[in-house]
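Student: Coordinates for the following, if possible.
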Amino acid sequence: MRESIEYWLVVAVARSLGRMPRGLARLLAGILAFTVYCAFGRLRRVGIRNLELAFPEMPSKARGKILRGVYRHLGWQLVEFCRMPRYTSQNTRTWLRTEGLEHYISAQARGKGVLVVTGHLGAWELSSFYHSLMGHPMGMVIRRLDNRRLDDFVNGIRCLHGNWVIHKDDFGRSLLTSMHAGQTVGILMDTNMTPPQGSFVKFFGIEACTATGLAHVARKTGAAVLPGFMLWEPAERRYVLHFGPESVIPHTADAAADILAGTQLCTQAIESWIRRYPDQWLWIHRRWKTRPPGEPALY
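Tutor: Numbering: from 1, shown residues only. Modelled structure (predicted):
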């Protein structure tokens, strides 16, 4: 009963927002986001703590402004997700574009697969959807939702134009298969992990336990690795899917060192984009929760 209520509530909200004009939908989503910002103090405190760790020199007023922007962009992403079933290559032409696509085309042409390093920055759900809409379907590594009906509904939207999902419980084998087939897979690589799935690398100058699977697969298969983020550009008033230059994973006799160095390279790429668009990253996630042995908790 609970799962059915959850499912129909989400479907009702998604269909309602999806049918509204974008301006009205964004206004309502913004009100919802502000309500969540005010009502859930724990998330707000996590966001402020993360901003203190990442930007210790920044005035508290500036941190608060960034955090409020995070909620606004989350509300906007909700609107885009609900509207995605309506999108075509034609009706998105005026407010969506790609920059750096040559990096992706060059990487894909090598035929060894492409691993897109991404994170909870900007409109991450829209990024893979738009990429498939423009003729470049890709796989997405995701965690299953506990509500299977809801999981099927969400994935049905994600995969409307040829995308497919790779579940974390089948991550390694599926990723290797995709790379050997010369396919593209996007991986959200900015969440807290625990050993042995993750190792510690620097993120904003602080040790952060980070997934190493991408670097391992890239080293093993020769797949290209490059960052990709769908970001809101205020000056243009549209979203831009940015692809950065390839991050070359080391390949020496020391596999463990190569994987750690490759993971650090990917993390540095994510950090560089967050620094450019700080109000579009998910600061309310406890990114530094796992600590190296002997270190005190940060939250």
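
Student: Where does the residue nearest to Ala255 when sequence neighbours are not counted sit: helix, strand or coil?
Tutor: Nearest non-adjacent residue to Ala255, counting by CB to CB, 6 or more residues apart in numbering: Arg219, 6.9 Å away. C-betas here are computed from N, CA, C, even on glycine. In three-state terms, and counting by DSSP: H, G, I helix; E, B strand; the rest coil, Arg219 is helix.

Student: Could I get the contacting residues of Arg219?
Tutor: Residues near Arg219 by CB atoms under 8 Å, 6 or more residues apart in numbering: Ile249, Pro250, His251, Ala255, Asp258, Ile259, Gly262.

Student: how much space between it and Gly111?
Tutor: Relative to Gly111, Arg219 is positioned 17 Å away (CB to CB, to the nearest Å).

Student: Just the buried residues of whichever helix in the chain runs longest, please?
Tutor: Longest helix in the chain by number of residues (criterion: DSSP state H): helix 60-83. By neighbour count on 16 or more other CB atoms under 10 Å, the buried set for helix 60-83 is 63, 66-67, 69-83.

Student: so what secondary structure elements neighbour that helix?
Tutor: Applying 3 or more CB pairs under 8 Å, 6 or more residues apart in numbering; DSSP states H and E, we find helix 60-83 packed against helix 2-19, helix 22-39, helix 41-54, helix 124-133.

Student: Those: which one's closest to Lys289?
Tutor: Smallest distance to Lys289 across the helices and strands packed on helix 60-83 (CB to CB): 9.5 Å, for helix 41-54.

Student: Off-centre distance for that closest one?
Tutor: From the chain centre to the centre of helix 41-54 is a distance of 19 Å (CA atoms, centre = their mean, to the nearest Å).

Student: can you check stretch 29-43 too?
Tutor: With CA atoms, centre = their mean, you get 21 Å for stretch 29-43.

Student: And the contacts of Arg219, which is closest to Asp169?
Tutor: Using CB to CB, Ile259 comes nearest to Asp169 of the contacts of Arg219, at 21.3 Å.

Student: was I right about that closest one contacting His216?
Tutor: Yes: using CB atoms under 8 Å, Ile259 makes contact with His216 at a distance of 5.2 Å.

Student: Next one: the residue lying closest to Gly122 once chain neighbours are set aside from Thr35, what distance?
Tutor: Excluding its sequence neighbours, the residue lying closest to Gly122 (CB to CB, 6+ apart) is Leu231, at 4.0 Å. Note on Leu231: its distance to Thr35, by CB to CB, is 25 Å.

Student: picking that back up, want to try JSON lines for the helices and strands packed on helix 60-83, with distance to Gly182 and mean pLDDT as columns?
Tutor: Compiled in JSON lines, those are given as follows (distance: least, CB to CB, whole Å; pLDDT from 0 to 100):
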{"stretch": "helix 2-19", "distance to Gly182": "34", "mean pLDDT": "93"}
{"stretch": "helix 22-39", "distance to Gly182": "36", "mean pLDDT": "94"}
{"stretch": "helix 41-54", "distance to Gly182": "37", "mean pLDDT": "97"}
{"stretch": "helix 124-133", "distance to Gly182": "16", "mean pLDDT": "97"}
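
Student: Right, I'll call it a day here.
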